[in-house]
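> Turn this into a structure:
(chains A and B)
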Amino acid sequence: MEELYKLIPDEYAHVIASRLSTDKLSEIRVRNKMPVRVGYDGMYCFLGKSGLVKTPDGAFIAGESEAENVVMRACERSLYTVTDTIKNGYIAVRGGIRIGVCGSGVGDGEKKIAVKDFSSVNIRLPHEVKGCAATLLGKVLESGGVHNTLIVSPPGAGKTTMLRDLCRLISNRGKNVLLCDEKYEIASVRDGAPMLDVGVCTDVISGRSKSEVFEIGIAAMRPDIVMTDELMFGDISCLSRAVHCGISVVSTVHAKDLDDFLYKHEYKEISDSGIFTRYAVLTDAPNRGVVLFNEKREVIL
Amino acid sequence: MTGKLLMVLICATVGAATGYLVMRAYKRNKTYMESVCAMIAELKRNISYRRDSVLDILNGFETECVQLKKNIAEYSVYAEEKGGRLEISRGFLSASDHAKVKELFGSLGVFDGKSQLDALDTFAVEFDALKRSAVEKSDKYGVLAVKLGFLFGLGVGVLFL
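All right, here's what the predicted structure looks like:
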């Protein structure tokens, strides 16, 4: 939590430290000149001097350049260290914290070259729940191999947490895992070492696109499994290449449920490919849980 | 007679010491400007490739210049404090040199990579000119100041006789 407290004004940090349980805190939304909002225990409230408040009255009002202050603290007053990720809308901070950033884009023709006038930030805290993927493990690992598994979940339901724990468990079973951590949020590598536990046999490539990792990483590291977050339209060719090389793939995708995934146009290529033989569908709070489907879409867990 | 000779000697020594202090001031300025140029070069080198944070680069930068060390420490406080203001002490610097140094520190970390390197290139040119001027002053007038101080002291001593 020290990393979080460095980012936000002392008055917010003091209230969070003294009145809230940090385990339940999932995000802090700071919008310039607006009440500060927090995601806490699966719901949204405002943050005020007395702790959580349900209405904006009594909530902290962010300063007119508070978003920029958070950004500057997040990059240790070195904007050039995060320019590339800011252009993609986020900053990765030590400890796995990810900050979504809104501001005005600066373009040079078609190309976006910078973001200025930061208007709001969403500070998202990672949650390392060791053992949350333990029930899946038996069904994902079978006869010495690993099923190509897709974790399907709406945003904020814990797919990255689940992926990280699955990675840790599989890796600790002696499988060589290549983790593609595009947004530094799965392993949160800093100074060459993961800040979050992703297992003893995991190699992490951070800040590079899936296509690069699948092309370069597979040849260079010869993994048994490649794990990556947030599949998008167009990633299917990388997955197919890996699977044809005999490498298992575990990934995640944004969707409300399995039907939503199967019938979404942008995921059609992925769902039609037949690559995945396990689908772990997560449900959000208040009924958090996981349902596992096989390749025939039958519930097996 | 001995008293008079002693008087002349004291005046000459005081004159030489004053000249030495002037030489030290020139040299201090020269060392400062050389160190700032080295710091800019280190910032450029790192930002071109590793892109460590400004604080990490400055904390890893070694210099023997006491004033620059102090300025780096002041920048560190500013960078680490929430809502702090950048205060760079002037020390022995002239008002214009101090303003330029403050501008340099104030520009660190507020640009994207390419713009930061461009800004550092501009500062490098400006500080290189200041360095050359400081080196010239130190080499040319430093020793001269000691000699002139000595002669001036001697002259004053002789006039006392």
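> Now the helix or strand hosting residue A:107: buried residues?
For residue A:107, the host element (DSSP states H and E) is strand A:98-108. Under the neighbour-count criterion of 16 or more other C-beta atoms under 10 Å in any protein chain shown, strand A:98-108 has A:98, A:99, A:101, A:103 buried. Heads up, the C-betas are built off the backbone N, CA and C, glycines and all.
> which residues touch the spatially closest residue to the second one that is not a sequence neighbour?
This means residue A:99. The shortest distance from residue A:99 to any non-neighbouring residue, by C-beta to C-beta, 6 or more residues apart in numbering or on different chains, is to residue A:91 (4.5 Å). Residue A:91 makes contact with A:71, A:74, A:75, A:82, A:85, A:98, A:99, A:101 under the criterion C-beta atoms under 8 Å, 6 or more residues apart in numbering or on different chains.
> Out of the residues you listed, which is nearest to chain B?
Lowest distance from chain B to these (C-beta to the nearest C-beta) belongs to residue A:75, with 7.2 Å.
> Now do the closest one, the pLDDT please.
For residue A:75, the pLDDT comes out at 93.
> What is the burial count for it?
When neighbours are counted by other C-beta atoms under 10 Å in any protein chain shown, residue A:75 registers 21.
> Verify the contact between it and residue B:108 for me.
No. In this structure, residue A:75 is not within contact of residue B:108 by C-beta atoms under 8 Å, at 11.9 Å.
> so residue A:233, which of the three states?
The assignment at residue A:233 comes out as coil when based on DSSP: H, G, I helix; E, B strand; the rest coil.
> how about the nearest residue to it once chain neighbours are set aside, secondary structure?
Excluding the flanking residues, the one nearest residue A:233 by C-beta to C-beta, 6+ apart is residue A:266, at 4.2 Å. Put simply, residue A:266 is helix when judged by three-state DSSP.
> ok, now how distant is residue A:266 from chain B?
Relative to chain B, residue A:266 is positioned 31 Å away (C-beta to the nearest C-beta, to the nearest Å).
> now swap in residue A:277 and tell me
41 Å.
> residue contacts, that residue?
Residue A:277 sits in contact with A:147, A:148, A:149, A:294, A:295, where contact means C-beta under 8 Å, 6+ apart.
> what's near enough to touch the third one?
Spelled out, it's residue A:149. Residues in contact with residue A:149 (C-beta under 8 Å, 6+ apart) are A:136, A:140, A:166, A:249, A:250, A:251, A:276, A:277, A:278, A:279, A:280.
> tally of neighbours for residue B:147?
Residues within reach of residue B:147, counting by other C-beta under 10 Å, total 13.
> per-residue confidence for it?
pLDDT, read off for residue B:147, is 89.
> residues from the stretch 201-301 of chain A in reach of chain B?
By C-beta under 8 Å from any C-beta of the partner chain, no part of the stretch 201-301 of chain A sits against chain B.
> before we move on, which element is residue A:239 in?
Per DSSP H and E: helix A:236-244 holds residue A:239.
> Could you do residue A:44 as well?
Assigned by DSSP H and E, residue A:44 falls in strand A:43-48.
> by contact count, what packs against that strand?
Judged by 3 or more C-beta pairs under 8 Å, 6 or more residues apart in numbering or on different chains; DSSP states H and E, the packing partners of strand A:43-48 are helix A:10-19, strand A:37-40, strand A:51-53.
> Contacts for the second one, please.
Outside strand A:37-40, the residues that touch it by C-beta under 8 Å, 6+ apart are A:20, A:24-29, A:31, A:44-47, A:52, A:59, A:156.
> what distance separates that strand from the centre of its chain?
17 Å (C-alpha atoms, centre = their mean, to the nearest Å).
> What pairs with it, parallel or antiparallel?
strand A:25-31 (antiparallel), strand A:43-48 (antiparallel) (DSSP bridges).
> quick one on the thing from earlier: now the helix or strand following the helix holding residue A:239: how far from the chain's centre is it?
Next helix or strand after helix A:236-244 toward the C-terminus (DSSP H and E): strand A:248-254. Offset of strand A:248-254 from its chain centre (C-alpha atoms, centre = their mean): 12 Å.
> ok so, going back, okay, the angle between the strand holding residue A:44 and helix A:10-19?
Relative orientation of strand A:43-48 versus helix A:10-19 (axes from the mean of the first three to the mean of the last three C-alpha atoms, to 10 degrees): 120 degrees.
> buried residues in strand A:43-48?
For strand A:43-48, burial by neighbour count (16+ other C-beta under 10 Å) applies to A:45, A:46, A:47, A:48.
> element containing the residue nearest to the spatial centre of chain B, please.
In chain B, the C-alpha closest to the average C-alpha coordinate belongs to residue B:32, at a distance of 2.7 Å (C-alpha atoms, centre = their mean). Per DSSP H and E, residue B:32 falls inside helix B:2-49.
> I'd like to know which elements that helix is packed against.
helix B:54-60, helix B:66-80, helix B:95-107, helix B:113-160.
> interface residues of chain B facing chain A?
Neighbours of chain A within chain B, by C-beta under 8 Å from any C-beta: B:47, B:51-56, B:79, B:82-83, B:108-113, B:115-116.
> Buried ones among those?
Buried by 16+ other C-beta under 10 Å: B:47, B:51-56, B:79, B:108-109, B:111-113, B:115-116, out of the residues of chain B next to chain A.
> nearest to residue B:144, of these?
residue B:108 (37.2 Å; C-beta to C-beta).
> give the contact list for the closest one.
Each residue near residue B:108 by C-beta under 8 Å, 6+ apart is listed here: A:77, A:78, B:43, B:54, B:75, B:116.
> Just the pLDDT for the second one.
In this prediction, residue A:78 carries a pLDDT score of 95.
> Now that we have the helices and strands packed on helix B:2-49, can you turn them into JSON lines and tack on distance to residue A:182?
As requested, the helices and strands packed on helix B:2-49 are exported to JSON lines (distance: least, C-beta to C-beta, whole Å):
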{"stretch": "helix B:54-60", "distance to residue A:182": "24"}
{"stretch": "helix B:66-80", "distance to residue A:182": "28"}
{"stretch": "helix B:95-107", "distance to residue A:182": "31"}
{"stretch": "helix B:113-160", "distance to residue A:182": "19"}
